[in-house]
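>>> coordinates only, no sequence provided:
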């Protein structure tokens, strides 16, 4: 049992995830349930409804086609598949799509990679996706797992972003490095890392501007931040976390394309899955970008930012019948 399990156990995590995916699950299962009424085997009509359910959950056409193709191959191979086997087969295919994080960067139980300290995480994403809130929740959960945390308010283009991160720092009782609005974001990032090294903290979370004038400007700013913090820690940042709003569905995919073209994104956090029936977008993002989802947000509370577990996610999205 990890430290995280002591204050928020596995059962509670699964229950929270199940509640957070309720809207997506109900829409998804509802469509498939109608398709298999009165049928004992999987036929073309059932596959059509499964396809429709996947698209409705914002899995996306490209990823949906892959899943349906795999189902068709299973049917062709086994010749005779019963409808009560459908849930298990869909679970398998969804798990195959989800990218697993490397074991040393999985954040299981909010544990950090070994071999370096502090662990520097640069957090990127457009305004409004819950980026700053996600940083605050990460700070809370890492702290609860016994880690020392330092925040860096490098989104200096918006006073609200600095104010919001300051509120989170006070709420979760972790220190923050900040400067006045309009300051050079790279200088804030540099000072944050210098302070983190001096204080021997475990993890540094650096907020960045959500939207600059154009893609070139964004790329230039993020590159500058990386360069200055590497003067202190050559291997930093150890993670570039892209925060996406799951409730925006396919728009989240466009944001992912923008940021992956701009900077080297190593991990994803998908927020606001509790308020949407479009939770399938997690599958589309994982499939198209081959970047592991590390965290998902399924509620307002700090504990509702969960370390992503693909087994739990698949079971929460499409549970096997009792």
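Now that the structure is in, tell me what you want to look at. No experiment lies behind these values; they were computed from the predicted model shown.

>>> and residue 312, its phi and psi?
phi -60, psi -40 (degrees, to the nearest 10).

>>> show the model's pLDDT score for it.
For residue 312, the pLDDT comes out at 79.

>>> so where do the helices sit in this protein?
Ranges of helices in the chain, per DSSP state H, are 3-7, 10-20, 22-36, 44-56, 61-78, 86-97, 131-144, 159-172, 185-199, 215-230, 250-262, 281-289, 310-317.

>>> out of those helices, nearest to residue 111?
Closest to residue 111 of the helices of the chain is helix 3-7 (Cβ to Cβ; 7.5 Å). (C-beta placed from N, C-alpha, C; glycine too.)

>>> quick check: mean pLDDT of the closest one?
Here helix 3-7 scores 36 as its mean pLDDT.

>>> try stretch 84-102
For stretch 84-102, mean pLDDT is 75.

>>> do the same with stretch 108-128
The model assigns stretch 108-128 a mean pLDDT of 89.

>>> pull out the buried residues from it.
For stretch 108-128, burial by neighbour count (16 or more other Cβ atoms under 10 Å) applies to 109-112, 117-126.

>>> can I get these in TSV including distance to residue 41?
Output for the buried residues of stretch 108-128, formatted as TSV (distance: Cβ to Cβ, whole Å):
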residue	distance to residue 41
109	42
110	45
111	45
112	49
117	57
118	56
119	51
120	54
121	49
122	51
123	48
124	47
125	45
126	46
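
>>> so which two of those residues are the farthest from each other?
For the buried residues of stretch 108-128, the maximum inter-member distance is 30.8 Å, found between 117 and 126 (Cβ to Cβ).

>>> who wins for proximity to residue 150 among the helices of the chain?
The nearest among the helices of the chain, by Cβ to Cβ, is helix 185-199 at 4.6 Å.

>>> show me what the closest one is in contact with.
Outside of helix 185-199, the residues within contact range by Cβ atoms under 8 Å, 6 or more residues apart in numbering are 118, 120, 122, 148, 150-157, 175, 177-179, 204, 206, 208-209, 221, 224-225, 227-229, 231-233, 236.

>>> try it again with 6 Å
For helix 185-199, the external contacting residues (Cβ atoms under 6 Å, 6 or more residues apart in numbering) are 118, 150, 152, 154, 156, 177, 179, 204, 206, 224-225, 228-229, 232.

>>> got it, and stretch 118-133?
Under Cβ under 6 Å, 6+ apart, the answer for stretch 118-133 is 112, 135, 161, 164-165, 196, 201-208, 210-211, 236-245, 255, 259, 271.

>>> for stretch 254-271, same thing?
Contact partners of stretch 254-271, identified using Cβ under 6 Å, 6+ apart, comprise 124, 126, 130, 134, 215, 218-219, 222, 239-246, 282, 285, 289, 291-297.

>>> show the buried residues in those.
124, 126, 130, 134, 218, 222, 239-246, 282, 285, 289, 291-297.

>>> by mean pLDDT, point me to the weakest helix or strand of the protein.
helix 3-7 (a mean of 36; mean pLDDT, DSSP states H and E).

>>> related to what we said a few turns ago, can you flag the buried ones in the contacts of helix 185-199?
Buried subset of the contacts of helix 185-199 (neighbour count, 16+ other Cβ under 10 Å): 118, 150, 152, 154, 156, 177, 204, 206, 224-225, 228-229, 232.

>>> least confident of those?
Ranked by pLDDT, the buried ones among the contacts of helix 185-199 bottom out at residue 156, which scores 89.
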